[in-house]
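Asks: No sequence on hand, only this structure:
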């Protein structure tokens, strides 16, 4: 019975797309979060190959930048201030980068969510 309950909990968590990861960003370190390929990404995007939302939270004292690229071209750049969480749409094959603050160490948390079915644009 316990195994069945445990299996159900894992199944539900997997369905929700839980993939939260915390990072410490040093002033000289830009980090690729997702979008290259397995083994090169700092996070595991459970929705790799399809549209999703990246939730980037600033859990430190300093702001940092988030950059979204597609084929080496910057699509979007945003600053995440202390205590803020940004929801960024990642289309298929987009790359997500965290860029540090030159003033010191920044801390970030990254999570991914599948968009509601109605909000996905089909091309």
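Replies: Yes, it's here. All of these numbers come straight from a predicted model, not from anything done at the bench. Numbers count the residues shown, from 1 in each chain.
Asks: contacting residues for residue 88?
Replies: Residues in contact with residue 88, defined by CB atoms under 8 Å, 6 or more residues apart in numbering, are 53, 54, 55, 56, 66, 68, 76, 78, 96. (C-beta placed from N, C-alpha, C; glycine too.)
Asks: what's the closest of those to residue 89?
Replies: residue 53 (5.8 Å; CB to CB).
Asks: ok, for the closest one, nearest residue in space, not its chain neighbours?
Replies: Nearest non-adjacent residue to residue 53, counting by CB to CB, 6 or more residues apart in numbering: residue 113, 4.7 Å away.
Asks: To what extent is that neighbour buried, counted in neighbours?
Replies: 16 (other CB atoms under 10 Å).
Asks: From the contacts of residue 88, list the buried ones, please.
Replies: Using 16 or more other CB atoms under 10 Å as the burial test, the contacts of residue 88 include 53, 54, 55, 56, 66, 68, 96 as buried.
Asks: what two of the residues you listed have the greatest distance between them?
Replies: Comparing the members of the buried ones among the contacts of residue 88, the greatest separation, given CB to CB, is between 55 and 68, at 13.4 Å.
Asks: quick revisit: in this model residue 55 seems to touch the residue nearest to residue 53, though I could be wrong.
Replies: Yes. Counting by CB atoms under 8 Å, residue 55 is a contact partner of residue 113 at 6.3 Å.
Asks: Residues in contact with both of these two, list them for me.
Replies: residue 87.
Asks: Sitting in strands, which of the contacts of residue 88 do you find?
Replies: 53, 54, 55, 56, 66, 68, 76, 78, 96 (DSSP state E).
Asks: Include pLDDT and distance to residue 117 when you put those residues into TSV, please.
Replies: Shown next, in TSV, are the ones in strands among the contacts of residue 88 (pLDDT from 0 to 100; distance: CB to CB, whole Å):
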residue	pLDDT	distance to residue 117
53	94	13
54	92	18
55	95	18
56	95	23
66	94	25
68	93	22
76	96	23
78	97	26
96	89	22
